[in-house]
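[1] Task: produce atomic coordinates for the following.
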Amino acid sequence: MRSPLGTVQSSPMLEHFADVLAERSGPCLSIYLPTGRRFPEKQQDPVRFRNLLLEVEGTLTPLIGSAERATLLAPLQELANNERFWLHTQDGLAVLRSGDFYKVWKLQRTVPERAIVADSFHTKPLLRVMQSADRFEVLALSREHVRLFAGNRDALDEMELDPAVPRSLEIALGSQLTDETDVDADTERFFRIVDRAILEQHSKPSGLPLILAALTEHHAPFREVSHNAQLQAEGISGNPNAFSLDELRQKAWAAFEPRYLARLTRLVDEYGTGAAHALASDDPDIIAMAGLGGRIRTLLVDDDRVVPGRVNTDTGTVTYGTLDDPHMDDVLDDLAELTLRMGGEVVMVPSDRMPTQSGVAAIYRF
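    Modelled structure (predicted):
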C-alpha cells in the first residue's frame, strides 16, 4: 500500500526483488528486525528500531554530509515514530533505503537483527522469506465480503486489498443489481469482476498460489469464470467468515500441503536426473561459475543452512570463511542472488527435503 512511509508490503512480492537487486549509488541502508505480534513483547520493537537507526547514523556520519544524511534518514525516522505502524507488526521487518529507493516489508518469518550500510542492499534475510516454497494466498469469498490473506504453514495475515477489488457484491454491481430472481446472474458477474481484479492486482504481482475459501456452492461458479492460473484445484469449503484466522490457516495448509510436497518431490527428481547427465551440481564452486554464465534454471537452497563465505560476482570465485568474520556473508545466499540476477528460479527447501549435503543443488538449463 502507498503511504507517507513509502511502500509497505504485508507480504514480499516477487516483482519487487528485481528493484532490490539493481545496482544503486550508495550508501544503501539495510535494516532487519525481528518483531512481536502481541504485547508485551512488541512494545520494545520501536525502541530497538531506533537503536538500529543510531547505528546507521553513526556509520553514515563520516561518509556523507549532514544535509544528505538527514534526507536519507528522514523516512526511517518517520517510520520509527509512527505509533500506528508498530501496533500491527508481524514476525519480522525489513527496511531498505537509498537515495532513490525506499521499501518496508512486514514479514511472516523472523529475521536476524542487523543494520548494514554498504554500496548495495543486504538482501539475504529478505530473500530467504521471499523464496520459500510454502507461501500462498487465500481468497475468502462470499457475496457479502471479499478478503485476501497471505501466509505459509505457520502464519496467515489479512492483506489490504487493492482499491480495484470490490469488497462485496453490492459494491461491485451497485445500480446494476437485479431483483432476487436473478441472484445467480448477479453472482456470476460479481465473481468475474473479483477474479479479474485479484488476478491483475494481486496474483500477477505476487506469483503466489491462490486458494479459494468459499461456500461449497460457490466453488464451481467461481472456477468456471476464473482466468487466474494461480488458482489451485484444492480449496476450502464453508463460510470463510465463520472461520477464525488460525482455523483458516490450518484449512489452507491442509489444502496446499499436497501441492507443496509434490513440487518439492518433482524438483528433487529433476535434480537427480540432471546430476546423472551432468546437468546439475551440488558443488558451490561449480555452481557459482554456472550461475555467472546464466546456466542455472532452478537453485534449491537449504533453508536452515549457512555456509560462511562470499561469491565474487565478477569472477565466480568462492571464498570460504568463518561465522565470526564480519566481512563474510553466506555462500548459499550469494549463489541465490546470482541465480536471480541471471533470470533463474530460487527455491528455499527444508533441510530434511534437500537432495544434497552441501546445502545447495543447482539444476541447469543446458
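[2] Name the helix or strand for residue 167, please.
    Following DSSP states H and E, there is no helix or strand that holds residue 167.
[3] for this protein, what are the low-confidence residue spans?
    Counting by pLDDT under 70, the chain has low-confidence residues at 1-16, 179-181, 323-327.
[4] Need the nearest residue in space to residue 64, chain neighbours excluded.
    residue 27 (6.8 Å; Cβ to Cβ, 6 or more residues apart in numbering). Heads up, the C-betas are built off the backbone N, CA and C, glycines and all.
[5] Could you report the neighbour count for residue 36?
    Neighbour count for residue 36, taken as other Cβ atoms under 10 Å: 16.
[6] ok now do residue 329, which residues does it touch?
    Taking Cβ atoms under 8 Å, 6 or more residues apart in numbering as the contact definition, residue 329 lies against 124, 308, 309, 310.
[7] That one pairs with what?
    residue 309 (DSSP bridges).
[8] can you tell me how far it sits from residue 348?
    Distance, residue 329 to residue 348, using Cβ to Cβ, to the nearest Å: 16 Å.
[9] Compute the distance between the nearest residue to residue 143 once chain neighbours are set aside and residue 352, please.
    Of all residues not flanking residue 143 in the chain, residue 169 sits nearest, at 4.4 Å (Cβ to Cβ, 6+ apart). Separation of residue 169 from residue 352 (Cβ to Cβ): 45 Å.
[10] which of these two has more neighbours?
    Legend: neighbour count by other Cβ under 10 Å for residue 169 and residue 352, higher for residue 169 (22 against 7).
[11] and residue 192, how many neighbours?
    Residues within reach of residue 192, counting by other Cβ under 10 Å, total 17.
[12] That one: what's it in contact with?
    residue 225.
[13] hmm, back to that, let me have the contacts of residue 329 in CSV, extended by distance to residue 72 and neighbour count.
    Shown next, in CSV, are the contacts of residue 329 (distance: Cβ to Cβ, whole Å; neighbours: other Cβ atoms under 10 Å):
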residue, distance to residue 72, neighbour count
124, 22, 20
308, 30, 16
309, 30, 18
310, 26, 18
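[14] measure the residue nearest to residue 64 to residue 82 for me?
    Remark: distance between residue 27 and residue 82 (Cβ to Cβ) = 23 Å.
[15] Settle it for me: which of those two has more neighbours?
    A count of neighbours by other Cβ under 10 Å puts residue 27 above the other of residue 27 and residue 82, at 21 against 14.
[16] list the contacts for the more buried one?
    Residues near residue 27 by Cβ under 8 Å, 6+ apart: 60, 63, 64, 72, 98, 117, 118, 119.
[17] Likewise for residue 257?
    Shown in contact with residue 257 (Cβ under 8 Å, 6+ apart): residue 153.
[18] Name the SS class of it, please.
    Using DSSP: H, G, I helix; E, B strand; the rest coil, the structure places residue 257 in helix.
[19] try residue 305
    Under the three-state scheme (three-state DSSP), residue 305 adopts coil.
[20] and it, how many residues sit next to it?
    Number of residues near residue 305 (other Cβ under 10 Å) recorded here: 16.
[21] still on that earlier bit, do you know how far the residue nearest to residue 64 is from residue 111?
    On the measure of Cβ to Cβ, residue 27 and residue 111 end up 21 Å apart.
[22] now residue 266
    In terms of Cβ to Cβ, residue 266 sits 29 Å off from residue 111.
[23] Pick out whichever of those two has more residues nearby.
    Just comparing residue 266 and residue 111: by other Cβ under 10 Å the higher neighbour count belongs to residue 111, 20 against 10.
[24] Show the contacting residues for residue 363.
    267, 270, 271, 274, 279, 280, 296, 297, 298, 299, 300.
[25] Mind checking which of the residues you listed land in strands?
    When these are checked against strands (DSSP state E), the matches are 280, 296, 297, 298, 299, 300.
[26] any chance you could map the helices in the chain?
    Here the chain has its helices, by DSSP state H, at 17-21, 45-60, 66-80, 83-86, 124-130, 169-173, 183-198, 204-206, 216-225, 245-276, 284-292, 331-341.
[27] Pull the residues that contact the second one.
    What that stands for is helix 45-60. Helix 45-60 is contacted from outside by 27, 29, 31, 33, 35-36, 69, 72-73, 76-77, 79-81, 83, 86, 89, 93, 113-115, 117, using Cβ under 8 Å, 6+ apart.
[28] filter the residues you listed to the buried ones?
    Those of these that meet the buried threshold are 27, 29, 31, 33, 35-36, 69, 72-73, 76, 79-80, 86, 89, 93, 113, 115, 117, by 16 or more other Cβ atoms under 10 Å.
[29] now stretch 229-244, how far from the chain's geometric center?
    Relative to its parent chain, stretch 229-244 has a centroid offset of 21 Å by Cα atoms, centre = their mean, to the nearest Å.
[30] List the buried residues in that stretch.
    Residues of stretch 229-244 classed as buried by neighbour count (16+ other Cβ under 10 Å): 230, 231, 232, 235, 236, 240, 243.
[31] Quick check: the last one touching residue 252?
    What that stands for is residue 243. No. Applying Cβ atoms under 8 Å, one finds residue 243 not in contact with residue 252, separated by 9.7 Å.
[32] okay, and the common contacts of those two?
    residue 213.
[33] circling back: out of the buried residues of stretch 229-244, name the ones that lie in strands.
    Counted as lying in strands by DSSP E, out of these, are residue 236.
[34] quick check, nearest of the buried residues of stretch 229-244 to residue 142?
    Nearest to residue 142 out of those is residue 240 (Cβ to Cβ; 6.5 Å).
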